[in-house]
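# Here's my sequence, what's the structure:
(4 chains)
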There are 2 protein chains.
Amino acid sequence: MRSGFFQKNKTIFLYGFSLAILLILLRWLELKYIIYDHAFEIYAGSIALVFTLLGIWLARKLTKPKVETRVVEKEVYRIMQEPFVLNEKALASLGMSQRELEVLERMSEGLSNQQIADQLFVSLNTVKTHAARIFEKLDVQRRTQAIEKAKRMGLIP
Amino acid sequence: MRSGFFQKNKTIFLYGFSLAILLILLRWLELKYIIYDHAFEIYAGSIALVFTLLGIWLARKLTKPKVETRVVEKEVYRIMQEPFVLNEKALASLGMSQRELEVLERMSEGLSNQQIADQLFVSLNTVKTHAARIFEKLDVQRRTQAIEKAKRMGLIP
DNA sequence: AATGGCTTCATACTTTCGGGTGATTTTCGG
DNA sequence: CCGAAAATCACCCGAAAGTATGAAGCCATT
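Prediction:
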(Lines give C-alpha, C1' and ligand atoms only; values in the text may rest on other atoms or scores of the structure.)
Protein backbone atom coordinates (compact mmCIF):
# COMPACT_ATOMS: atom_id res chain seq x y z
CA MET A 1 0.00 0.00 0.00
CA ARG A 2 1.26 3.46 -0.86
CA SER A 3 -0.10 5.15 2.21
CA GLY A 4 1.24 2.34 4.34
CA PHE A 5 4.66 2.79 2.86
CA PHE A 6 4.50 6.49 3.53
CA GLN A 7 3.34 5.88 7.05
CA LYS A 8 6.17 3.57 7.85
CA ASN A 9 8.79 5.81 6.31
CA LYS A 10 7.25 9.03 7.48
CA THR A 11 10.19 9.78 9.70
CA ILE A 12 12.68 9.34 6.88
CA PHE A 13 10.65 11.56 4.54
CA LEU A 14 10.36 14.15 7.22
CA TYR A 15 14.06 13.97 7.77
CA GLY A 16 14.91 14.52 4.11
CA PHE A 17 12.33 17.25 3.78
CA SER A 18 13.69 19.14 6.73
CA LEU A 19 17.18 19.05 5.35
CA ALA A 20 16.10 20.09 1.86
CA ILE A 21 13.93 22.95 3.04
CA LEU A 22 16.62 24.14 5.36
CA LEU A 23 19.20 24.19 2.59
CA ILE A 24 16.87 26.02 0.28
CA LEU A 25 16.12 28.53 2.99
CA LEU A 26 19.76 29.11 3.70
CA ARG A 27 20.63 29.45 0.02
CA TRP A 28 17.88 31.96 -0.34
CA LEU A 29 19.13 33.88 2.65
CA GLU A 30 22.59 33.80 1.14
CA LEU A 31 21.28 35.07 -2.14
CA LYS A 32 19.55 37.79 -0.28
CA TYR A 33 23.09 38.59 0.96
CA ILE A 34 21.95 38.79 4.53
CA ILE A 35 24.66 36.41 5.39
CA TYR A 36 28.06 36.33 3.81
CA ASP A 37 30.77 36.72 6.31
CA HIS A 38 30.36 33.71 8.62
CA ALA A 39 28.13 31.91 6.21
CA PHE A 40 29.43 28.44 6.81
CA GLU A 41 29.29 28.59 10.57
CA ILE A 42 25.73 29.84 10.45
CA TYR A 43 24.82 27.06 8.07
CA ALA A 44 26.32 24.47 10.35
CA GLY A 45 24.82 25.98 13.46
CA SER A 46 21.36 26.16 11.96
CA ILE A 47 21.52 22.62 10.75
CA ALA A 48 22.81 21.51 14.11
CA LEU A 49 20.03 23.29 15.95
CA VAL A 50 17.24 22.08 13.73
CA PHE A 51 18.41 18.51 13.77
CA THR A 52 18.98 18.52 17.44
CA LEU A 53 15.38 19.52 17.86
CA LEU A 54 14.42 16.84 15.37
CA GLY A 55 16.43 14.35 17.36
CA ILE A 56 14.69 15.35 20.55
CA TRP A 57 11.33 15.03 18.87
CA LEU A 58 12.33 11.66 17.49
CA ALA A 59 13.47 10.44 20.84
CA ARG A 60 10.26 11.52 22.48
CA LYS A 61 8.23 9.87 19.77
CA LEU A 62 10.08 6.63 19.72
CA THR A 63 11.10 6.11 23.27
CA LYS A 64 8.69 4.00 25.20
CA PRO A 65 7.75 5.63 28.42
CA LYS A 66 9.77 4.46 31.33
CA VAL A 67 7.47 2.69 33.64
CA GLU A 68 7.72 3.67 37.19
CA THR A 69 5.71 1.55 39.49
CA ARG A 70 4.06 3.62 42.06
CA VAL A 71 2.28 1.88 44.86
CA VAL A 72 -1.05 3.42 45.52
CA GLU A 73 -2.63 2.39 48.71
CA LYS A 74 -6.20 1.58 48.21
CA GLU A 75 -8.37 0.83 51.11
CA VAL A 76 -9.96 -2.51 50.66
CA TYR A 77 -12.72 -2.92 53.07
CA ARG A 78 -13.03 -6.42 54.26
CA ILE A 79 -15.55 -8.12 56.32
CA MET A 80 -13.58 -9.06 59.31
CA GLN A 81 -14.70 -9.70 62.80
CA GLU A 82 -12.85 -7.22 64.85
CA PRO A 83 -10.57 -9.03 67.23
CA PHE A 84 -12.73 -9.88 70.17
CA VAL A 85 -11.74 -8.36 73.45
CA LEU A 86 -13.66 -9.46 76.46
CA ASN A 87 -15.38 -6.68 78.30
CA GLU A 88 -14.00 -7.40 81.75
CA LYS A 89 -15.75 -4.46 83.29
CA ALA A 90 -19.18 -5.64 82.27
CA LEU A 91 -18.24 -9.13 83.31
CA ALA A 92 -17.29 -7.98 86.77
CA SER A 93 -20.22 -5.64 87.21
CA LEU A 94 -22.58 -8.47 86.43
CA GLY A 95 -20.77 -10.81 88.78
CA MET A 96 -20.52 -13.36 86.04
CA SER A 97 -18.42 -16.34 87.07
CA GLN A 98 -15.96 -18.20 84.87
CA ARG A 99 -18.13 -21.27 84.59
CA GLU A 100 -21.15 -19.24 83.71
CA LEU A 101 -19.20 -17.56 80.96
CA GLU A 102 -18.18 -20.92 79.56
CA VAL A 103 -21.79 -22.01 79.47
CA LEU A 104 -22.76 -18.72 77.86
CA GLU A 105 -20.17 -19.14 75.14
CA ARG A 106 -21.42 -22.59 74.29
CA MET A 107 -24.97 -21.38 74.31
CA SER A 108 -24.04 -18.82 71.69
CA GLU A 109 -22.61 -21.57 69.56
CA GLY A 110 -26.06 -23.05 69.41
CA LEU A 111 -25.46 -25.99 71.71
CA SER A 112 -28.26 -27.53 73.76
CA ASN A 113 -27.99 -27.77 77.51
CA GLN A 114 -27.27 -31.46 77.18
CA GLN A 115 -24.44 -30.86 74.70
CA ILE A 116 -22.94 -28.23 76.95
CA ALA A 117 -23.18 -30.63 79.88
CA ASP A 118 -21.31 -33.26 77.88
CA GLN A 119 -18.61 -30.81 76.84
CA LEU A 120 -18.05 -29.54 80.35
CA PHE A 121 -18.35 -32.97 81.94
CA VAL A 122 -21.15 -31.97 84.25
CA SER A 123 -24.75 -33.01 84.56
CA LEU A 124 -27.60 -31.51 82.62
CA ASN A 125 -28.99 -30.11 85.86
CA THR A 126 -25.79 -28.24 86.55
CA VAL A 127 -25.91 -26.59 83.18
CA LYS A 128 -29.49 -25.64 83.82
CA THR A 129 -28.52 -24.07 87.09
CA HIS A 130 -25.76 -22.08 85.42
CA ALA A 131 -28.13 -21.06 82.69
CA ALA A 132 -30.68 -19.88 85.21
CA ARG A 133 -28.03 -17.77 86.94
CA ILE A 134 -26.92 -16.33 83.63
CA PHE A 135 -30.46 -15.34 82.71
CA GLU A 136 -30.89 -13.84 86.14
CA LYS A 137 -27.69 -11.80 85.88
CA LEU A 138 -28.36 -10.68 82.35
CA ASP A 139 -31.96 -10.02 83.24
CA VAL A 140 -33.41 -12.02 80.38
CA GLN A 141 -35.86 -14.88 80.02
CA ARG A 142 -34.57 -16.87 77.08
CA ARG A 143 -31.22 -18.08 75.92
CA THR A 144 -31.58 -16.29 72.63
CA GLN A 145 -31.99 -13.05 74.50
CA ALA A 146 -29.00 -13.88 76.66
CA ILE A 147 -26.85 -14.44 73.60
CA GLU A 148 -28.01 -11.23 72.00
CA LYS A 149 -27.36 -9.19 75.09
CA ALA A 150 -24.06 -10.82 75.93
CA LYS A 151 -22.79 -10.12 72.44
CA ARG A 152 -23.73 -6.49 72.64
CA MET A 153 -22.04 -6.24 76.01
CA GLY A 154 -18.85 -7.79 74.72
CA LEU A 155 -19.00 -10.85 76.91
CA ILE A 156 -18.79 -13.20 73.97
CA PRO A 157 -17.50 -12.80 70.38
CA MET B 1 31.71 27.02 42.32
CA ARG B 2 33.56 26.35 39.10
CA SER B 3 32.79 22.68 38.93
CA GLY B 4 29.15 23.42 39.69
CA PHE B 5 29.05 25.90 36.85
CA PHE B 6 30.55 23.34 34.53
CA GLN B 7 28.11 20.70 35.74
CA LYS B 8 25.13 22.86 35.09
CA ASN B 9 26.33 23.94 31.64
CA LYS B 10 27.80 20.60 30.67
CA THR B 11 25.27 20.13 27.95
CA ILE B 12 25.99 23.47 26.35
CA PHE B 13 29.74 22.86 26.45
CA LEU B 14 29.29 19.44 24.98
CA TYR B 15 27.15 20.94 22.30
CA GLY B 16 29.72 23.53 21.30
CA PHE B 17 32.52 21.01 21.45
CA SER B 18 30.73 18.61 19.19
CA LEU B 19 30.13 21.27 16.60
CA ALA B 20 33.70 22.55 16.71
CA ILE B 21 35.25 19.10 16.46
CA LEU B 22 32.93 18.14 13.66
CA LEU B 23 33.79 21.24 11.68
CA ILE B 24 37.51 20.67 12.16
CA LEU B 25 37.12 17.08 11.14
CA LEU B 26 35.24 18.01 8.01
CA ARG B 27 37.71 20.74 7.10
CA TRP B 28 40.52 18.24 7.55
CA LEU B 29 38.72 15.75 5.34
CA GLU B 30 38.25 18.47 2.76
CA LEU B 31 41.89 19.38 2.90
CA LYS B 32 42.73 15.77 2.44
CA TYR B 33 40.71 16.20 -0.77
CA ILE B 34 38.63 13.10 -0.14
CA ILE B 35 35.58 15.22 -0.54
CA TYR B 36 35.25 18.12 -2.86
CA ASP B 37 32.42 17.61 -5.25
CA HIS B 38 29.34 17.53 -3.03
CA ALA B 39 31.19 19.02 -0.11
CA PHE B 40 28.37 21.21 1.14
CA GLU B 41 25.73 18.50 1.12
CA ILE B 42 28.02 16.17 2.97
CA TYR B 43 28.78 18.83 5.51
CA ALA B 44 25.14 19.49 6.10
CA GLY B 45 24.22 15.81 6.19
CA SER B 46 26.96 14.99 8.66
CA ILE B 47 26.03 17.82 10.92
CA ALA B 48 22.40 16.86 10.71
CA LEU B 49 23.14 13.26 11.58
CA VAL B 50 25.42 14.01 14.48
CA PHE B 51 23.14 16.58 15.98
CA THR B 52 20.13 14.41 15.56
CA LEU B 53 21.89 11.77 17.60
CA LEU B 54 22.89 14.40 20.09
CA GLY B 55 19.30 15.52 20.27
CA ILE B 56 18.16 11.99 20.92
CA TRP B 57 20.75 11.59 23.61
CA LEU B 58 19.73 14.90 25.09
CA ALA B 59 16.13 14.00 25.11
CA ARG B 60 16.79 10.72 26.82
CA LYS B 61 18.99 12.38 29.39
CA LEU B 62 16.80 15.28 30.15
CA THR B 63 13.34 13.98 29.75
CA LYS B 64 11.81 12.91 32.98
CA PRO B 65 10.53 9.44 32.72
CA LYS B 66 6.92 9.33 31.85
CA VAL B 67 5.25 7.87 34.81
CA GLU B 68 2.84 5.20 34.05
CA THR B 69 0.96 4.78 37.23
CA ARG B 70 0.43 1.19 37.94
CA VAL B 71 -1.99 0.72 40.74
CA VAL B 72 -0.93 -1.97 43.09
CA GLU B 73 -3.67 -2.69 45.49
CA LYS B 74 -2.49 -2.94 49.00
CA GLU B 75 -5.02 -4.11 51.45
CA VAL B 76 -5.42 -1.80 54.34
CA TYR B 77 -7.28 -3.53 57.05
CA ARG B 78 -9.35 -1.49 59.33
CA ILE B 79 -11.67 -2.22 62.12
CA MET B 80 -15.15 -1.33 61.18
CA GLN B 81 -18.52 -2.48 62.17
CA GLU B 82 -19.50 -3.94 58.90
CA PRO B 83 -22.53 -2.20 57.52
CA PHE B 84 -24.83 -5.12 57.10
CA VAL B 85 -25.54 -6.11 53.55
CA LEU B 86 -27.84 -9.01 53.00
CA ASN B 87 -26.21 -11.92 51.28
CA GLU B 88 -28.74 -12.36 48.51
CA LYS B 89 -26.83 -15.19 46.92
CA ALA B 90 -26.94 -17.31 50.04
CA LEU B 91 -30.55 -16.37 50.53
CA ALA B 92 -31.45 -17.54 47.05
CA SER B 93 -29.35 -20.68 47.17
CA LEU B 94 -31.10 -21.70 50.36
CA GLY B 95 -34.49 -20.93 48.91
CA MET B 96 -35.31 -18.84 51.92
CA SER B 97 -38.58 -16.99 51.52
CA GLN B 98 -39.33 -13.46 52.64
CA ARG B 99 -41.56 -14.55 55.46
CA GLU B 100 -39.05 -17.03 56.72
CA LEU B 101 -36.41 -14.33 56.78
CA GLU B 102 -38.68 -12.11 58.83
CA VAL B 103 -39.15 -14.86 61.36
CA LEU B 104 -35.43 -15.50 61.40
CA GLU B 105 -34.68 -11.86 62.08
CA ARG B 106 -37.04 -11.77 65.02
CA MET B 107 -35.61 -14.99 66.32
CA SER B 108 -32.18 -13.41 66.37
CA GLU B 109 -33.58 -10.56 68.41
CA GLY B 110 -34.40 -13.03 71.12
CA LEU B 111 -38.13 -13.08 70.61
CA SER B 112 -40.21 -16.11 71.50
CA ASN B 113 -42.36 -17.82 68.91
CA GLN B 114 -45.43 -16.30 70.50
CA GLN B 115 -43.96 -12.80 70.33
CA ILE B 116 -43.04 -13.29 66.72
CA ALA B 117 -46.55 -14.52 66.00
CA ASP B 118 -47.99 -11.41 67.60
CA GLN B 119 -45.68 -9.10 65.67
CA LEU B 120 -46.46 -10.71 62.35
CA PHE B 121 -50.17 -11.10 63.09
CA VAL B 122 -50.17 -14.83 62.54
CA SER B 123 -50.78 -17.79 64.77
CA LEU B 124 -48.18 -19.47 66.91
CA ASN B 125 -48.46 -22.56 64.78
CA THR B 126 -47.60 -20.60 61.68
CA VAL B 127 -44.45 -19.32 63.28
CA LYS B 128 -43.55 -22.83 64.27
CA THR B 129 -44.03 -24.00 60.72
CA HIS B 130 -41.80 -21.22 59.43
CA ALA B 131 -39.26 -22.02 62.09
CA ALA B 132 -39.26 -25.67 61.12
CA ARG B 133 -38.65 -24.76 57.47
CA ILE B 134 -35.88 -22.38 58.46
CA PHE B 135 -34.16 -25.09 60.48
CA GLU B 136 -34.57 -27.48 57.58
CA LYS B 137 -33.08 -25.06 55.06
CA LEU B 138 -30.24 -24.04 57.33
CA ASP B 139 -29.73 -27.66 58.30
CA VAL B 140 -29.87 -27.05 62.03
CA GLN B 141 -31.92 -28.31 64.95
CA ARG B 142 -32.26 -25.35 67.27
CA ARG B 143 -33.03 -21.69 66.91
CA THR B 144 -29.76 -20.72 68.53
CA GLN B 145 -27.92 -22.66 65.85
CA ALA B 146 -30.05 -21.08 63.18
CA ILE B 147 -29.17 -17.61 64.43
CA GLU B 148 -25.48 -18.42 64.60
CA LYS B 149 -25.41 -19.87 61.11
CA ALA B 150 -27.59 -17.18 59.56
CA LYS B 151 -25.32 -14.49 60.97
CA ARG B 152 -22.24 -16.12 59.54
CA MET B 153 -23.95 -16.45 56.19
CA GLY B 154 -24.95 -12.81 56.14
CA LEU B 155 -28.66 -13.43 56.20
CA ILE B 156 -29.16 -11.30 59.27
CA PRO B 157 -27.10 -8.54 60.89
C1' DA C 1 -56.77 -26.21 33.97
C1' DA C 2 -52.86 -27.84 36.27
C1' DT C 3 -48.68 -27.37 38.75
C1' DG C 4 -45.78 -25.79 42.24
C1' DG C 5 -44.25 -22.54 45.72
C1' DC C 6 -45.53 -19.63 49.62
C1' DT C 7 -48.24 -18.67 53.44
C1' DT C 8 -51.35 -19.83 56.56
C1' DC C 9 -53.37 -22.75 60.23
C1' DA C 10 -54.40 -26.98 62.92
C1' DT C 11 -53.66 -31.16 65.76
C1' DA C 12 -50.90 -34.23 68.24
C1' DC C 13 -46.81 -35.50 70.25
C1' DT C 14 -41.86 -35.24 72.02
C1' DT C 15 -38.12 -32.72 73.63
C1' DT C 16 -35.94 -28.94 75.55
C1' DC C 17 -35.98 -25.01 78.26
C1' DG C 18 -36.64 -22.24 82.22
C1' DG C 19 -38.27 -21.35 87.06
C1' DG C 20 -38.22 -22.71 91.72
C1' DT C 21 -36.22 -25.00 95.55
C1' DG C 22 -32.96 -27.36 98.07
C1' DA C 23 -28.64 -29.60 98.97
C1' DT C 24 -23.62 -31.01 98.83
C1' DT C 25 -18.97 -30.20 97.60
C1' DT C 26 -15.04 -27.34 96.19
C1' DT C 27 -12.33 -23.35 96.18
C1' DC C 28 -10.18 -19.50 97.84
C1' DG C 29 -9.20 -15.28 100.45
C1' DG C 30 -8.92 -13.31 105.11
C1' DC D 1 -9.28 -22.65 109.71
C1' DC D 2 -13.63 -20.51 108.50
C1' DG D 3 -17.01 -18.62 105.67
C1' DA D 4 -18.58 -16.90 101.34
C1' DA D 5 -18.79 -17.62 96.73
C1' DA D 6 -18.68 -20.88 93.20
C1' DA D 7 -19.73 -25.17 91.33
C1' DT D 8 -22.08 -29.21 91.43
C1' DC D 9 -26.36 -32.06 91.30
C1' DA D 10 -31.35 -33.43 91.96
C1' DC D 11 -36.42 -33.12 91.38
C1' DC D 12 -40.62 -31.08 89.86
C1' DC D 13 -43.52 -28.62 86.81
C1' DG D 14 -45.15 -25.66 83.36
C1' DA D 15 -43.89 -23.19 79.26
C1' DA D 16 -41.71 -23.01 75.08
C1' DA D 17 -39.62 -25.12 71.36
C1' DG D 18 -39.41 -28.44 67.93
C1' DT D 19 -41.33 -32.62 64.92
C1' DA D 20 -44.65 -34.68 61.99
C1' DT D 21 -48.49 -34.54 59.14
C1' DG D 22 -52.25 -32.66 56.78
C1' DA D 23 -54.70 -29.16 54.53
C1' DA D 24 -56.63 -24.85 52.57
C1' DG D 25 -56.04 -20.43 50.06
C1' DC D 26 -53.38 -17.52 47.01
C1' DC D 27 -50.57 -16.47 43.12
C1' DA D 28 -47.72 -16.94 39.18
C1' DT D 29 -46.22 -19.89 35.57
C1' DT D 30 -47.01 -23.47 32.30
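
# how about the residues of chain A near DNA strand D?
For chain A, the contact set with DNA strand D under C-beta under 7 Å from any atom of the strand comprises A:95, A:97-100, A:117, A:120, A:122-126, A:128-130, A:142. (Glycine included, C-beta is placed from N, CA and C.)

# remind me which residues of chain A are low pLDDT?
A:1-21, A:23-24, A:26-27, A:29-44, A:47, A:56, A:59-81 (pLDDT under 70).

# try 80 this time
Per-residue confidence for chain A (pLDDT under 80) gives these ranges: A:1-82.

# Show me how the record splits it into domains.
Chain A breaks down into these structural domains: A:2-62, A:88-153 (assignment by automatic domain parsing).

# Show me where chain A has its helices.
Along chain A, the stretches classed as helices by DSSP state H are A:2-8, A:10-31, A:39-62, A:88-94, A:98-108, A:113-120, A:124-138, A:143-153.

# State the number of residues packed around the residue of chain A found nearest chain B.
When distances are taken as C-beta to the nearest C-beta, chain A approaches chain B most closely through A:G55, which lies 2.2 Å from it. A:G55: 23 surrounding residues under other C-beta atoms under 10 Å in any protein chain shown.

# returning to what we had before: and of the residues of chain A next to DNA strand D, the nearest to DNA strand C?
Using C-beta to the nearest atom of the strand, A:R142 is the member of the residues of chain A next to DNA strand D that lies nearest DNA strand C, at 3.9 Å.

# wouldn't A:L94 be in contact with A:K137 here?
Yes - between A:L94 and A:K137 there is a contact at 4.9 Å, judged by C-beta atoms under 8 Å.

# ok, these two, which is more surrounded?
Neighbours were counted for A:L94 and for A:K137 using other C-beta under 10 Å; A:L94 has more, 19 against 16.

# and that one, what is it in contact with?
A:L94 makes contact with A:K137, A:L138, A:L155 under the criterion C-beta atoms under 8 Å, 6 or more residues apart in numbering or on different chains.

# swap the cut-off to 6 Å and go again
A:K137 (C-beta atoms under 6 Å, 6 or more residues apart in numbering or on different chains).

# quick one: it from DNA strand C, how far?
In this structure, A:L94 and DNA strand C are separated by 15 Å, where distance is defined by C-beta to the nearest atom of the strand, to the nearest Å.

# cool, A:S108 as well?
Using C-beta to the nearest atom of the strand, we find A:S108 at a distance of 12 Å from DNA strand C.
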